[in-house]
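Colleague: I'd like to go over a predicted model; first the sequence, then the structure.
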Amino acid sequence: MSERTTAVLHLDPGDSIAVSLGDLAAGQEVTVPGVGTVTAATEVTRGHKLAVRPVAAGRPVIKYGQAIGVALSDIAAGDHVHTHNLAMGDLQREYEFATARVTPEPPAGDRPTFQGYRRADGRVGTRNYIGVLTSVNCSATAARLIADQFRGTVLDDHPAIDGVMALTHNSGCGLVDGSEGAGVLLRTLRGYAAHPNFAGLLILGLGCEMMELDLITAELDLSSDLLVERMTIQESGGVRATIAEGTRRIKAMLPRLDTWQRTTIDASELILGLNCGGSDGYSGITANPALGVASDLLVGLGGRSVLAETPEIFGAEHLLTRRAVSPEVGRRLLDRIDWWRDYVAAVGGTLDNNPSPGNKRGGLTTILEKSLGAVAKGGRAELTGVYEYADRIDRPGFGFMDTPGYDPVSVTGLVAGGANIVCFTTGRGSVFGCKPVPSIKIGTNSELARSMPDDIDINAGTIVDGTETVAEVGRTIFDTLLAVASGHQTASEELDIGQDEFVPWQLGAVT
């Protein structure tokens with residue numbers, strides 16, 4: 001005899017599917033509030049979709065109250081709904097502008113604060129790093145070897161300094177002068193050079209590259225409290241001489257940079273980057289909406305929170321245009337979607353080639369389904385701005401930055417724009433870090449939190465476990481933001497992850 005249980009989550013009364021909260025056996029009965037009893041026709045893995053109503057071939061399948069694709073064949077109640085019977089289809093979205101604007105209220109009680117670093121230009125750091133920033137790939141090895149001189153116990157006598165890190169990349173020369181790709185790289189390098197999480201900077205080039213050092217430092221205020229040194233390998237006498245001289249110059253910075261002290265700073269000075277990777281069927285139910293709660297709390301205080309990954313909001317952009325503060329902001333977002341359509345079409349692709357194989361194993365089927373869950377990271381706040389990749393995040397409120405969906409490239413753009421803290425949700429188990437900015441990883445399910453305890457900072461799986469609400473986990477995330485901004489190390493920082501995740505977006509021809 002079949003067991004009757006409430007082992008699924010029906011997200012919206014109009015949804016034609018429910019999400020399995022555990023592995024369902026063929027013949028198992030589940031109770032769906034507002035629908036009745038549904039019998040699973042086959043096994044349904046946790047996080048995957050169970051049809052709770054019949055859907056005719058060619059008709060939309062509904063989740064979150066939105067279409068996530070069309071049925072490839074007739075779907076009966078109780079069927080497993082996945083890639084075998086659900087596809088993107090030719091669904092059209094209706095766009096409205098500024099029709100769903102919400103201004104979040106600040107949290108009740110005293111204004112929250114954190115302990116950060118106030119720089120001379122007024123911006124705020126959450127860490128106190130020294131960076132070795134390369135202008136070109138040719139100087140990458142030398143930069144790494146210089147940073148390696150400060151590993152181990154070398155900085156033990158300088159507790160105010162979080163470390164010395166190399167920022168290396170695969171470009172800097174061979175680009176078309178004045179091209180979009182050259183402009184994106186220059187914005188990224190300038191953004192990192194001016195980032196308030198750096199108190200000291202060594203900018204290192206080869207000496208003959210297109211991305212000359214003067215270009216990178218052109219907008220830096222060299223009279224500020226940021227200590228800046230510039231070197232090229234050719235002028236320094238080769239790699240060995242460069243390593244010795246670069247190490248000497250950084251050592252000369254240490255006494256002054258070690259005098260930095262954290263001070264009390266209002267939470268509105270946080271700039272939060274929102275990202276996700278290794279998503280699963282629970283991402284849009286647990287971690288993402290909980291992060292949205294934390295984002296709204298920060299925005300309610302006057303802070304800044306920025307969503308990214310344009311290919312992974314494709315199909316849900318209509319929800320963001322409704323939240324835009326003006327039609328102009330909403331259309332700017334649609335312009336970026338149109339740019340991406342042309343960009344992927346030029347190489348024979350489409351925007352619906354996502355989700356990844358891992359996403360699909362976790363229960364996601366189409367990019368529409370993935371995107372509807374992904375935008376939940378942005379909460380409910382009105383959309384105040386749309387930024388191009390690595391643009392300075394210069395207005396309070398909730399914004400969107402145009403980036404690829406590839407996590408290191410996406411977060412590199414957010415950090416270049418000024419994000420001083422990042423939250424990263426994952427269902428499959430990402431180990432992402434993004435020095436010099438701390439990255440808080442939020443797991444979507446308790447199984448992941450148990451299997452990778454050294455990599456997950458917050459378990460949002462308690463939401464489907466029934467022990468916490470979305471609002472409660474959202475408040476935990478917000479409180480963790482303040483603690484981490486004040487110096488508490490994240491899981492990725494404890495593992496020293498984040499130097500290799502500096503990956504500027506490489507666009508255009510390499511000549």
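Modeller: Received it, and whenever you're ready, just let me know what you need.
Colleague: what bits of the chain have low per-residue confidence?
Modeller: Scanning the chain with the threshold set as pLDDT under 70 gives 1-6, 353-354.
Colleague: three-state assignment of the residue minimising distance to the centre of it?
Modeller: Against the mean C-alpha coordinate of the chain, by CA atoms, centre = their mean, the closest residue is Asn275 at 1.8 Å. Here Asn275 is strand, with the state taken from DSSP: H, G, I helix; E, B strand; the rest coil.
Colleague: check contacts around it.
Modeller: 308-309, 377, 407, 410-411, 414, 422-425, 432 (CB atoms under 8 Å, 6 or more residues apart in numbering). Where you see a C-beta, it was placed from the backbone N, CA and C, and this is true even at glycine.
Colleague: quick one: the helices in the stretch 151-300 of the chain, in order.
Modeller: According to DSSP state H, counting those that start in this stretch, the stretch 151-300 of the chain carries its helices in the segments 180-193, 213-217, 233-236, 239-257, 287-300.
Colleague: CA atoms of the first one as PDB?
Modeller: Pointing back at helix 180-193 there. Output in PDB follows, covering the C-alpha atoms of helix 180-193 (Å, rounded to 0.1, in the frame of the first residue of the first chain):
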ATOM      1  CA  GLU A 180      35.100  46.900 -26.500                       C
ATOM      2  CA  GLY A 181      37.400  44.100 -25.200                       C
ATOM      3  CA  ALA A 182      40.200  46.600 -24.400                       C
ATOM      4  CA  GLY A 183      37.800  48.900 -22.700                       C
ATOM      5  CA  VAL A 184      36.300  46.100 -20.500                       C
ATOM      6  CA  LEU A 185      39.800  45.000 -19.400                       C
ATOM      7  CA  LEU A 186      40.900  48.500 -18.600                       C
ATOM      8  CA  ARG A 187      37.800  49.200 -16.500                       C
ATOM      9  CA  THR A 188      38.400  46.000 -14.600                       C
ATOM     10  CA  LEU A 189      42.000  46.700 -13.900                       C
ATOM     11  CA  ARG A 190      41.200  50.300 -12.800                       C
ATOM     12  CA  GLY A 191      38.400  49.000 -10.600                       C
ATOM     13  CA  TYR A 192      40.600  46.600  -8.800                       C
ATOM     14  CA  ALA A 193      43.400  49.200  -8.500                       C
END
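Colleague: what comes up buried for that helix?
Modeller: 181-193 (16 or more other CB atoms under 10 Å).
Colleague: same question for stretch 289-304.
Modeller: Neighbour-count burial for stretch 289-304 [16+ other CB under 10 Å]: 289-301, 303-304.
Colleague: do stretch 466-486 as well
Modeller: 468, 470, 473-478, 480-482, 484-485.
Colleague: Serialize those residues to CSV and add fields for secondary structure and distance to Thr263.
Modeller: As requested, those are exported to CSV (DSSP: H, G, I helix; E, B strand; the rest coil; distance: CB to CB, whole Å):
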residue, secondary structure, distance to Thr263
Glu468, coil, 33
Val470, helix, 33
Val473, helix, 30
Gly474, helix, 27
Arg475, helix, 25
Thr476, helix, 25
Ile477, helix, 24
Phe478, helix, 21
Thr480, helix, 20
Leu481, helix, 18
Leu482, helix, 14
Val484, helix, 17
Ala485, helix, 12
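Colleague: output these as CSV; include the columns distance to Phe97.
Modeller: Formatted as CSV, the buried residues of stretch 466-486 follow (distance: CB to CB, whole Å):
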residue, distance to Phe97
Glu468, 36
Val470, 28
Val473, 32
Gly474, 27
Arg475, 32
Thr476, 34
Ile477, 30
Phe478, 29
Thr480, 34
Leu481, 31
Leu482, 34
Val484, 36
Ala485, 34
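Colleague: just those now: which is nearest Asp12?
Modeller: Val470 (14.6 Å; CB to CB).
Colleague: residues contacting Thr310?
Modeller: Applying CB under 8 Å, 6+ apart, the residues near Thr310 are 336-337, 340, 402-405.
Colleague: Leu297 now?
Modeller: 104, 106-107, 474-475, 478.
Colleague: 6 Å instead, please
Modeller: Shown in contact with Leu297 (CB atoms under 6 Å, 6 or more residues apart in numbering): 107, 478.
Colleague: what do you get for Val293?
Modeller: 471, 474.
Colleague: of the helices of the stretch 151-300 of the chain, which is nearest Ala25?
Modeller: Among the helices of the stretch 151-300 of the chain, the nearest to Ala25 by CB to CB is helix 287-300 (27.1 Å).
Colleague: would you mind writing the CA trace of the closest one as PDB?
Modeller: This file holds the C-alpha atoms of helix 287-300, laid out as PDB (Å, rounded to 0.1, in the frame of the first residue of the first chain):
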ATOM      1  CA  ALA A 287      19.000  30.200  -0.400                       C
ATOM      2  CA  ASN A 288      18.100  32.700  -3.200                       C
ATOM      3  CA  PRO A 289      14.900  34.100  -1.600                       C
ATOM      4  CA  ALA A 290      16.600  34.200   1.800                       C
ATOM      5  CA  LEU A 291      19.500  36.200   0.300                       C
ATOM      6  CA  GLY A 292      16.800  38.400  -1.300                       C
ATOM      7  CA  VAL A 293      15.600  39.100   2.300                       C
ATOM      8  CA  ALA A 294      19.100  40.100   3.300                       C
ATOM      9  CA  SER A 295      19.500  42.300   0.200                       C
ATOM     10  CA  ASP A 296      16.200  44.100   1.000                       C
ATOM     11  CA  LEU A 297      17.400  44.700   4.600                       C
ATOM     12  CA  LEU A 298      20.600  46.300   3.300                       C
ATOM     13  CA  VAL A 299      18.800  48.400   0.600                       C
ATOM     14  CA  GLY A 300      16.300  49.500   3.300                       C
END
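Colleague: partner strands of whatever helix or strand comes next after it, parallel or antiparallel?
Modeller: Going down the chain from helix 287-300, the next helix or strand is strand 304-307, by DSSP states H and E. Sheet pairing for strand 304-307, assigned by DSSP bridges, gives strand 271-276 (parallel), strand 397-401 (parallel).
Colleague: ok, Ile497 to Gln489 distance?
Modeller: Noted for Ile497: a distance of 11 Å to Gln489, by CB to CB, to the nearest Å.
Colleague: the more surrounded of these two?
Modeller: Relative neighbour count places Ile497 above the other of Ile497 and Gln489, with 18 against 14, counting by other CB atoms under 10 Å.
Colleague: which residue packs closest to the more buried one, ignoring adjacent ones?
Modeller: Gly433 (3.3 Å; CB to CB, 6 or more residues apart in numbering).
Colleague: can you verify my assumption that Val484 contacts Lys441?
Modeller: No. Val484 is not in contact with Lys441 according to CB atoms under 6 Å; the separation is 11.1 Å.
Colleague: just to revisit the earlier point, among the strands paired with strand 304-307, which is nearest Gly27?
Modeller: Once the strands paired with strand 304-307 are compared by CB to CB, strand 271-276 is nearest, at 34.8 Å.
Colleague: now that closest one and helix 287-300, what's the angle there?
Modeller: 170 degrees (axes from the mean of the first three to the mean of the last three CA atoms, to 10 degrees).
Colleague: how about stretch 28-45: buried residues?
Modeller: 28-30, 32, 35, 38, 40-41, 44.
Colleague: packing partners for the strand ranked longest in the chain?
Modeller: Identified as the longest strand of the chain according to DSSP state E is strand 198-205. With contacts defined as 3 or more CB pairs under 6 Å, 6 or more residues apart in numbering; DSSP states H and E, strand 198-205 has these neighbours: strand 129-134, helix 213-217, strand 227-232, helix 239-257.
Colleague: ranking those by burial, who's on top?
Modeller: When the helices and strands packed on strand 198-205 are scored by mean count of other CB atoms under 10 Å, the highest mean neighbour count falls to strand 129-134 (a mean of 26).
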